[in-house]
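A.B. asks: Sequence plus predicted model, see below.
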Amino acid sequence: MQAADVDTATQDNGESLSEQYLTFIMNGEEYGVDILCVQEIRGWEPVTPLPNAPSHIKGVINLRGTIVPIVDLRQCFGLSAIAYSAITVVIVLKVNGEGGHRIMGVVVDAVSDVYTLSKKDMKDPPDLGCAIETNSIEGLVAVDQKMIVLLNIDKLLVIDEMPELTGISHLPLDGNDN
Amino acid sequence: MTIDLKQFHQVFIEECTEGLDVMEASLIALNVNSIDSDMINTIFRSAHSIKGGAGTFGFSALADFTHVLETLLDEVRSAVRVLNNDLVDLLLTSVDCMRNMLELIQHERNEYTAAATDVKCTLEQFLSDTPAVVSVAVPRNGMPTSDNAPSLPIQHQHEWHITFTPHKHLMQSGNDPLRIIRELASLATDINVTLIDCPSSFIHYIADECYCAWEITLQGASVDALAIRDVFEWVVDDCDLTVIPIERRLLESESQQAMWRVTFSPVPNLFQTGNDPLRIFHELDRACEVVSCCADTQKLPSLKLIDSEKCYLSWHLIVAGNVEKNVIEEVFEWVADDAEILIEKSLRAMDIAQSQDDDSVQSAANANTRHDVPSVLSGDGGVINRSSVNSKPRAVSEPPKPVLKKKITPEASSIRVGIDKVDSLIDMVGELVITQSMLGQLGENFDITHLPKLIEGLNQLEQNTRELQESVMRIRMLPISFTFSRFPRMVRDLSHELNKKIALVLCGESTELDKTVMEKIGDPLVHLVRNSIDHGIEAPAERLKSGKKEEGTVTLNAYHQGGHVIIEIADDGRGLDRDSIAKKGVERELLTEQEASEHSDEQIFNLIFQPGFSTAKAVSALSGRGVGMDVVKRNIQALNGMVEISSIKNEGTKIKISLPLTLAILDGQLVRVGSDIYIFPLVSIVESIRYCGDLVNDIAGGFRVFKLRDEYVPIVDLSEVFGGNKVEDYSAALMVVVECDNFKVAMVVNELMAQQQVVIKSLEKNYKRIEGISGATILGDGTVALIIDAAGVVKLAGAEKLHQQCLLRKTG
């Protein structure tokens, strides 16, 4: 039903207003990323740690001949780390940066669903003052009484700035971890 | 069926480039006094194939040019003409021209460069001379019409102005003006046809009558008036015809001295702004005399698409008049924003020759940096470009001086591979297929009795894979002569320019090197050789004074050493001046007075690799060596290479570059540090030894040094440096002694593992550079291992300071 609505909206306005988002769970909260950025979803496998890397960079893996860094999104958001198991999920994302795109893997608790969301349903992230980084949040959206935080991974997974992103954890209205 | 010839263009261009290289090399090798007929034949053959190819693909400009060159070569070949140095110079210049034209072709432009037009004229003049009296300096005229002073601009002697006014019934007599003009075009290299008269009204128009008249300008036509009149033979009774060599017209205006060439390319909406080109030209005619006006109709669309309000034409005008440039500019003032206007002083032959000269020297010196010679409008004349501020710069608006710039289109990357290499590859793939089918068969109903066979098969597979890998790597390898071949010409030109006598010795040209490495080492080598010639080798008089041979020698040598290719550039010049460099170093606070006196020569010489270390000022009178050396070093380091300098005053300088054979694979030593596996490049390892507590001393700052025979080597704990735990118990540890930046460091590892070739993968592609790590690789089990960059690790550990302390300890 929603999809149909979106379709007509697209035809009416002649521009795409809806996008599909892959959502995943972290610490009970649901986050979404643009599905076009998702290259694949893999199970956790041992990584080769990188020397002197920040703690949220777990290491690198060999993804069919390319070296791909793995980022723990929990740690990136300042949540407590949990032990990885066979069902821990790595989402391999294509991140667009200045020098073309790069492939990165993010570790999340579980993959949830795929939603088709319309831009007009999207709410801007609340302005929490300059103390909290909201740049990497594209918007908030409510689906079936749940709130989904849509992430802009191009801004989230900027290698050199990643350690500063810990402030984002304040946002999911979940103060337990901090 | 039509075949798209474009698909062969790249091959043609490559072949031409090769042909030109051959021509150049042979020309340089030619000894004028004892001419080797084989050599002449080689040059001739190359020229001939280029001409043939160019003709086939319809690059008429290049074909025509080469044709003239070929004719000249043919005369030399059949000994009708005596080859002298002037002629060799001219031929070399022609090769440069052809190269430039080839570049234009690469941009899909089939044109003459200004230089080429001129060189062609010179060639033609050579041809029209009686072979006995060949001389470049005073070109004689072969044209019957040009019976005037030989110092006149050469280019005009081949230009003709024709007015062709057919009578109305011309077409009724079965003649076709188009055919005539085509025939004319075949006489010349460049033809401009301007319609000068059209019926004013269509009411009286009769379809089979001709109302038009044409003004035709021929350029590069080496014919006399008779030949042109021949073309009009059939219509001569049905038309009014005038044939005037343009030079005459120019002569008339010669008294006024200034000639201007104006190119006026308006934007399409010129008319909409209320401007009228015709009015402008009239005004221009008032200000000075418009000698000729040609409309360029290239952008004219088909009739259906023409928008009557748009301007599709551009004009080339030749204006004579003793006026300043700004007078002409004023005329175009109102349209300056709506058009591209190029005003330049018309070129004299001398100017062109001069610019061509500059050209060739430049191109030789920067053999890798190509420059675009603007098609027709190149030269030394003052050119202004009054295109609108916001209009995009176009090719024509480039400054006419040879602009050195990288080619815009990426260099066509392809390798010519010897058929033997390909054959061996095919053989190996065949083997691989056989092994694979054998293993497949084995797997179908496998039981343990087949185990020996399986192992045998796997061994075979391993061998096949290794051989295949080696062969594929070999495909990328090219003999270094590809890089060296540019130097004879460069040395020749430079020694002319600097009035020095220099012999170039090339050794080890067959040494093979990876193509990517080769491409990147070219520029640094050019720089170093240039330096040697420019600053290293003294002027002949000075050399004789210091008891050396008059002729200086520059030696380029390449050879394999271990896993490296070594390239040496040696000269027997004045050598580096240690004191001046040290002094400058102290001035720039790169080292203290004390250090300056204590450091070894090598350390002092290494200062010239410092960025901005301009010894040009420091060592001014003696040598300017060192300019851009930091770039050289950076380029070489980017290739994982090293540079060393050794120099003896008054005996010469030797620069030694060592480069890895290939960038893709390295021989690695796997080591275990804690639970992680790292890889040392095998070439950096000096030795590996067991940790021995007796020989280790703690020194201040928590560092430890190890006494390796008679030197103290700082110890770096890899595990600690890489953010792991500091190893407390060293007793079971091993130490890998590596050499970086000319001093040794011992790195503590837990275990030495296998040695194997590893394929280098980039970490930066998806992550970023990590200090101390040069890359990553994938091990046999599919996991990732990191490759250690010894110099980076040392930096990370602060071991450089440590080394200084060690030195102090040793000396103290």
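C.D. replies: Perfect, thanks for sending it.
A.B. asks: May I ask which helix or strand encompasses the closest residue to residue A:121 other than its chain neighbours?
C.D. replies: In space, residue A:121 comes closest to residue A:141 once its chain neighbours are excluded; the distance is 5.4 Å by Cβ to Cβ, 6 or more residues apart in numbering or on different chains. Quick note: C-beta positions are derived from backbone N, CA and C, even for glycine. Following DSSP states H and E, the helix or strand that holds residue A:141 is strand A:137-143.
A.B. asks: if we can go back for a sec, show me the contacts for the residue nearest to residue A:121.
C.D. replies: By Cβ atoms under 8 Å, 6 or more residues apart in numbering or on different chains, the residues touching residue A:141 are A:32, A:117, A:121-123, A:147-148, A:150.
A.B. asks: In strands only, show me these.
C.D. replies: Cross-referencing those against strands under DSSP state E gives A:32, A:117, A:147-148, A:150.
A.B. asks: For the residues you listed, which two are the farthest from each other?
C.D. replies: A:117 and A:147 (12.3 Å; Cβ to Cβ).
A.B. asks: Have a look at the two and say which one is more surrounded.
C.D. replies: residue A:117 (22 against 13; other Cβ atoms under 10 Å in any protein chain shown).
A.B. asks: Do a quick rundown of the helices in chain A.
C.D. replies: Per DSSP state H, chain A carries helices over the ranges A:2-13, A:73-76, A:153-156.
A.B. asks: mean pLDDT for these: which is lowest?
C.D. replies: For these, the bottom mean pLDDT is recorded on helix A:2-13, which sits at a mean of 44.
A.B. asks: Run through the residues that contact the residue in the stretch 701-812 of chain B positioned nearest to chain A.
C.D. replies: For the stretch 701-812 of chain B, the residue positioned closest to chain A under Cβ to the nearest Cβ is residue B:722, at a distance of 3.3 Å. Residue B:722 makes contact with A:51-52, B:673, B:676, B:772 under the criterion Cβ under 8 Å, 6+ apart.
A.B. asks: Could you give the bridge partners of the closest residue to residue B:715 other than its chain neighbours?
C.D. replies: With Cβ to Cβ, 6+ apart as the measure, residue B:704 is the residue that lies nearest to residue B:715, at 4.4 Å, once sequence neighbours are left out. Beta-bridge pairing of residue B:704 under DSSP bridges involves residue B:698.
A.B. asks: any idea of the pLDDT on residue B:570?
C.D. replies: Residue B:570 carries a pLDDT score of 90 in this model.
A.B. asks: my read: it touches residue B:654, true?
C.D. replies: Yes: contact between residue B:570 and residue B:654 holds when scored by Cβ atoms under 8 Å: they sit 4.2 Å apart.
A.B. asks: roughly how far apart are residue A:138 and residue A:35?
C.D. replies: Separation of residue A:138 from residue A:35 (Cβ to Cβ, to the nearest Å): 13 Å.
A.B. asks: Neighbour count: these two, which is higher?
C.D. replies: For the pair residue A:138 and residue A:35, the greater number of neighbours falls to residue A:138 (24 against 14), based on other Cβ under 10 Å.
A.B. asks: The more buried one: what's it in contact with?
C.D. replies: Contact analysis of residue A:138 by Cβ under 8 Å, 6+ apart lists A:122, A:150-152.
A.B. asks: Buried members of the residues you listed into PyMOL, please.
C.D. replies: Once 16 or more other Cβ atoms under 10 Å in any protein chain shown is used to decide burial, the buried members of these can be selected in PyMOL as follows:
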select buried, chain A and resi 122+150+151
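A.B. asks: Would you convert the contacts of residue A:138 into CSV that also reports pLDDT and distance to residue B:475?
C.D. replies: Listed next are the contacts of residue A:138 as CSV, based on pLDDT from 0 to 100; distance: Cβ to Cβ, whole Å:
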residue, pLDDT, distance to residue B:475
A:122, 81, 53
A:150, 87, 49
A:151, 86, 45
A:152, 84, 44
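A.B. asks: Tell me the residues of chain B that contact chain A?
C.D. replies: B:676, B:721-724, B:761-763, B:765-768, B:770-773, B:776, B:778, B:782-786, B:796 (Cβ under 8 Å from any Cβ of the partner chain).
A.B. asks: Which positions within the helix or strand containing residue B:581 qualify as buried?
C.D. replies: When elements are assigned from DSSP H and E, residue B:581 belongs to helix B:578-587. Applying a neighbour-count criterion of 16+ other Cβ under 10 Å, one finds B:578, B:580-582, B:584-586 buried in helix B:578-587.
A.B. asks: export the residues you listed to CSV and tack on pLDDT and distance to residue B:116?
C.D. replies: CSV is the format used below for those (pLDDT from 0 to 100; distance: Cβ to Cβ, whole Å):
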residue, pLDDT, distance to residue B:116
B:578, 82, 49
B:580, 80, 46
B:581, 81, 45
B:582, 82, 51
B:584, 80, 46
B:585, 81, 49
B:586, 83, 53
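A.B. asks: Give me the phi and psi angles of the residue lying farthest from the centre of chain B.
C.D. replies: Among the C-alpha atoms of chain B, the one farthest from their average position, using Cα atoms, centre = their mean, is that of residue B:449, at 63.0 Å. Geometry field for residue B:449 lists phi and psi as phi -70, psi -20, criterion degrees, to the nearest 10.
A.B. asks: which stretches of chain A have low pLDDT?
C.D. replies: In the predicted model, chain A carries pLDDT under 70 at residues A:1-17, A:99, A:127-134, A:159-178.
A.B. asks: Quick one: residues contacting the residue of it found nearest chain B.
C.D. replies: When distances are taken as Cβ to the nearest Cβ, chain A reaches nearest to chain B at residue A:51, 3.3 Å away. Taking Cβ under 8 Å, 6+ apart, we find residue A:51 in contact with B:721-724, B:770, B:772-773, B:786.
A.B. asks: Just those residues: which are in helices?
C.D. replies: When DSSP H is applied, the contacts of residue A:51 are split such that residue B:721 fall in helices.
A.B. asks: Give me the buried entries from the contacts of residue A:51.
C.D. replies: Taking 16+ other Cβ under 10 Å as the criterion, what is buried in the contacts of residue A:51 is B:721-722, B:724, B:770, B:772-773, B:786.
A.B. asks: Lowest pLDDT pick from the contacts of residue A:51?
C.D. replies: When the contacts of residue A:51 are sorted by pLDDT, the bottom entry is residue B:724 at 70.
A.B. asks: how about residue B:260, secondary structure?
C.D. replies: Residue B:260 falls in the strand class when you classify it by DSSP: H, G, I helix; E, B strand; the rest coil.
A.B. asks: Chain neighbours aside, what residue packs nearest to it?
C.D. replies: If you skip the residues right next to it in sequence, residue B:260 has residue B:319 as its closest partner in space, 4.4 Å away by Cβ to Cβ, 6+ apart.
A.B. asks: List the ones among the buried ones among the contacts of residue A:51 that fall in strands.
C.D. replies: Checking the buried ones among the contacts of residue A:51 against DSSP E, those in strands are B:773, B:786.
A.B. asks: Adding distance to residue B:596, write the buried ones among the contacts of residue A:51 out as TSV.
C.D. replies: Written out in TSV, the entries for these read as follows (distance: Cβ to Cβ, whole Å):
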residue	distance to residue B:596
B:721	32
B:722	37
B:724	41
B:770	36
B:772	31
B:773	35
B:786	39
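A.B. asks: Now do the residue of the stretch 701-812 of chain B closest to chain A against residue B:769, distance only.
C.D. replies: 15 Å.
A.B. asks: Quick one: low-confidence residue ranges for the stretch 251-400 of chain B.
C.D. replies: Low-confidence segments of the stretch 251-400 of chain B, defined by pLDDT under 70, span residues B:251-258, B:272-273, B:291, B:321-323, B:346-400.
A.B. asks: now the helices for it?
C.D. replies: If DSSP state H, counting those that start in this stretch is used as the criterion, the helices of the stretch 251-400 of chain B fall at B:277-287, B:325-331, B:349-365.
A.B. asks: Beta-bridge partners for the residue nearest to residue A:121, please?
C.D. replies: Listed beta-bridge partners, residue A:141: residue A:148 (assigned using DSSP bridges).
A.B. asks: Return the residues in contact with the closest residue to residue B:690 other than its chain neighbours.
C.D. replies: Nearest residue to residue B:690, sequence neighbours excluded (Cβ to Cβ, 6+ apart): residue B:734, at 6.0 Å. Under the criterion of Cβ under 8 Å, 6+ apart, the contact list for residue B:734 reads B:671, B:688-691, B:748-752.
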